[in-house]
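Participant: With the input below, show me the fold.
(one chain, ligands or ions: 1)
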Amino acid sequence: MTTEDVLAAARRTVLDQGQGLDEQGVRACLTIPDDRLPELLALAHDVRRRWCGDAVEVEGIVSVKTGGCPEDCHFCSQSGQFESPVRAAWLDVPGMVRAARETRETGATEFCIVAAVRGPDERLLAQVQQAIDAIRADGNDIQIACSLGILTEQQVELLVGMGVHRYNHNLETARSHFSAVVTTHTWEERWQTLELVRDSGMEVCCGGILGMGETLEQRAEFATQLATLAPHEVPMNFLDPRPGTPFASLSPLSAGDALRAIGAFRLALPRTILRFAGGRELTLGDLGTRDGLLGGINAIIVGNYLTTLGRPPVADLALLDELRMPIKALSETL
Ligand code: SF4
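Facilitator: I've put the predicted structure just below:
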């Protein structure tokens, strides 16, 4: 399919009918020449406005347990298997209540509690339960999501019972590339957790990291695998190579490739919340953040990420204001 064809076809099927691009179409978008990139982003922006609306969802994240993870995800400075500078640490309940309050004060509607683990144990689940109870006792109505690794059916039920409304578990990359990224668990194990979450009625949040040595074909494969899952939200991260990890010497994606990926993923996933997550500052900078928000992105994380620093929340909120993009209100999400 030529570039001309893919954008014309996407206008009909994706924009007019809300059907995502197939793998071949995504591949064509990922290789679109620089002079057609503005056209791809403009179409992706039209698609996001048509099928998701104007509002941007704002989220804050907090790490309840940082570092010391037994898994070997090659991009991750929280793995206990690598020489990385992130030390193991737990955050107490008052600290989580404070973080939730500060997040809500930015106007955010989502607060995600994250732990660096293969999967949660009883201690971790008890800590999450206490934190959620304390956040509610603080009068905070923010919606609470969790990201606690691989789950059993019983653990999924426990989280539903705690009132967790969305669960994040990233597939990270295409199935065909996964074993080059992680060896301590499989893509299929991650998929199983995602199916359990989906069947429980919790919203599914599932994305990954681009720029981990995958080919463009594998990037297109990943977008269509995500489309098969039909997640409520897809966080898009761009590799920010961390010292001490096996991926430390990989080069960050170019801004052009990152923007091509944003446009292509939006056309593959017209109705999904597509969130800018880690690595956007390194890969795209301030100008690219604006291009992404005008090219298919409709959600951001404010403040810091788990192991890297983000832009100050005020800079992102000012940019949304300038672009006349309203922050999604809690009433719209209930
Ligand atoms: S990505 Fe998650 S599971 Fe993998 S090493 Fe990092 S914290 Fe552990």
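
Participant: how about the residues of the stretch 51-200 of the chain near the ligand?
Facilitator: 69, 71, 73, 76, 78-79, 116, 118, 149 (CB under 6 Å from any ligand atom). All C-beta atoms are positioned from the backbone trio N, CA, C, and that covers glycine.

Participant: quick one: the helices in this structure?
Facilitator: Ranges of helices in the chain, per DSSP state H, are 3-10, 23-30, 37-52, 93-105, 122-137, 153-162, 187-200, 216-229, 255-268, 280-283, 285-293, 313-322, 330-333.

Participant: Could you list the low-confidence segments of the stretch 51-200 of the chain?
Facilitator: Within the stretch 51-200 of the chain, the stretches with pLDDT under 70 are 84-85.

Participant: how about a cut-off of 80?
Facilitator: Applying pLDDT under 80 to the stretch 51-200 of the chain flags residues 84-88.

Participant: on that earlier part again, Asp240: which of the helices of the chain is closest?
Facilitator: Nearest to Asp240 among those is helix 280-283 (4.9 Å), distances taken as CB to CB.

Participant: And that closest one, what does it pack against?
Facilitator: Helices and strands touching helix 280-283, by 3 or more CB pairs under 8 Å, 6 or more residues apart in numbering; DSSP states H and E, are strand 233-238, helix 255-268, helix 285-293.

Participant: And these: which comes nearest Ala9?
Facilitator: Nearest of the helices and strands packed on helix 280-283 to Ala9, taken as CB to CB: helix 255-268 at 10.0 Å.

Participant: from memory Ala248 sits against Glu83, does it?
Facilitator: No: shown here, Ala248 and Glu83 do not form a contact pair, counting by CB atoms under 8 Å, at 9.7 Å.

Participant: what about these two, which has more around it?
Facilitator: Taking other CB atoms under 10 Å, Ala248 and Glu83 do not tie; Ala248 has more neighbours (15 against 9).

Participant: and the closest residue to the more buried one other than its chain neighbours, how many neighbours does it have?
Facilitator: Computed as CB to CB, 6 or more residues apart in numbering, the closest residue to Ala248 that is not its neighbour in sequence is Pro241, at 5.1 Å. For Pro241, the tally of surrounding residues (other CB under 10 Å) stands at 18.

Participant: How about the contacts made by Pro241?
Facilitator: Contacts for Pro241 (CB atoms under 8 Å, 6 or more residues apart in numbering) come out as 75, 247-252.

Participant: Confirm for me that Ala261 is in contact with Met236.
Facilitator: Yes: at 7.2 Å, Ala261 and Met236 qualify as touching, with contact defined as CB under 8 Å.

Participant: got any residues that touch both of these two?
Facilitator: By CB under 8 Å, 6+ apart, the residues touching both Ala261 and Met236 are Leu210.

Participant: So the nearest residue to Pro313 once chain neighbours are set aside versus the ligand, what's the distance?
Facilitator: Closest residue to Pro313 in three dimensions, ignoring its sequence neighbours and counting by CB to CB, 6+ apart: Val302, at 4.0 Å. Separation of Val302 from the ligand (CB to the nearest ligand atom, to the nearest Å): 21 Å.

Participant: cool, and Lys328?
Facilitator: Lys328 is 27 Å from the ligand, where distance means CB to the nearest ligand atom.

Participant: any idea how far that residue is from Asp316?
Facilitator: 14 Å (CB to CB, to the nearest Å).

Participant: which residue packs closest to Gln78, ignoring adjacent ones?
Facilitator: Once flanking residues are discounted, Gln78 sits nearest to Ala116: 4.0 Å by CB to CB, 6+ apart.

Participant: For that neighbour, give me its contacts.
Facilitator: If you count contacts by CB under 8 Å, 6+ apart, Ala116 has them with 63, 65-69, 76, 78, 306.
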